[in-house]
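1. The sequence and its predicted three-dimensional model are supplied below.
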Amino acid sequence: QVQLVESGGGLVQAGGSLRLSCAASGRTFSTYPMGWFRQAPGKEREFVAASRSGGITYYADSVKGRFTISRDSAKNTVYLQMNSLKPEDTAVYYCAASGSRVVSTTANEWDYWGQGTQVTVSS
């Protein structure tokens with residue numbers, strides 16, 4: 001059974017930083033995409049960042065230059081370093097993993113999900 005467990009969310013002031021972690025178990029994702037989505041109240045789940053084999057990364061325009069996704073394949077873990085946080089980054093952040101090698105920015109095309117971790121950025 002695949003499990004994704006996120007950690008690292010919290011409350012931070014605008015301009016601050018947080019680092020999210022997502023540890024996967026039950027399956028190795030070293031050659032498959034892993035990524036992050038977020039969902040703010042009343043809004044749809046939106047793509048944030050993804051990483052696939054070869055170190056190729058993808059970012060939403062809204063976070064490009066501020067967020068960095070990275071992976072530790074040995075630990076089956078993906079990270080999201082978030083810098084220069086803004087109040088509009090406030091959301092529940094979800095880790096996702098794919099059973100195919102195609103990276104999608106559409107939430108329903110990802111196969112596995114974590115439980116989510118709250119990130120709140122105060123102004």
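-> Nice, I can see it.

2. Next, Thr105: secondary structure please.
-> Here Thr105 is coil, with the state taken from DSSP: H, G, I helix; E, B strand; the rest coil.

3. which residues in this protein form strands?
-> Taking DSSP state E as the test, the strands found in the chain are 3-7, 10-13, 18-25, 34-39, 46-52, 56-59, 67-72, 77-82, 91-97, 112-113, 117-122.

4. Packing partners of the shortest one?
-> The one in question is strand 112-113. Judged by 3 or more C-beta pairs under 8 Å, 6 or more residues apart in numbering; DSSP states H and E, the packing partners of strand 112-113 are strand 91-97. (C-beta placed from N, C-alpha, C; glycine too.)

5. partners of the strand it packs on in the sheet?
-> Note on strand 91-97: by DSSP bridges, its sheet partners are strand 34-39 (antiparallel), strand 112-113 (antiparallel), strand 117-122 (antiparallel).

6. residues in contact with the nearest residue to Gly9 once chain neighbours are set aside?
-> Among residues not flanking Gly9 along the chain, Thr117 sits closest, at 3.4 Å (C-beta to C-beta, 6 or more residues apart in numbering). Applying C-beta atoms under 8 Å, 6 or more residues apart in numbering, we find Thr117 in contact with 6-9, 20, 92-93.

7. hey, which of the strands paired with strand 91-97 is tucked in deepest?
-> strand 34-39 (a mean of 24; mean count of other C-beta atoms under 10 Å).

8. what angle sits between it and strand 67-72?
-> Interaxial angle of strand 34-39 relative to strand 67-72 (axes from the mean of the first three to the mean of the last three C-alpha atoms, to 10 degrees): 140 degrees.

9. quick revisit: of all the strands of the chain, which one is nearest Thr106?
-> Closest approach to Thr106 among those is made by strand 46-52 (7.5 Å; C-beta to C-beta).

10. what mean pLDDT does that closest one have?
-> Averaged across strand 46-52, pLDDT comes to 97.

11. Quick one: list the elements packing against that strand.
-> Applying 3+ C-beta pairs under 8 Å, 6+ apart, one finds that strand 46-52 contacts strand 34-39, strand 56-59, strand 67-72, strand 77-82.

12. Appreciated, that's everything.
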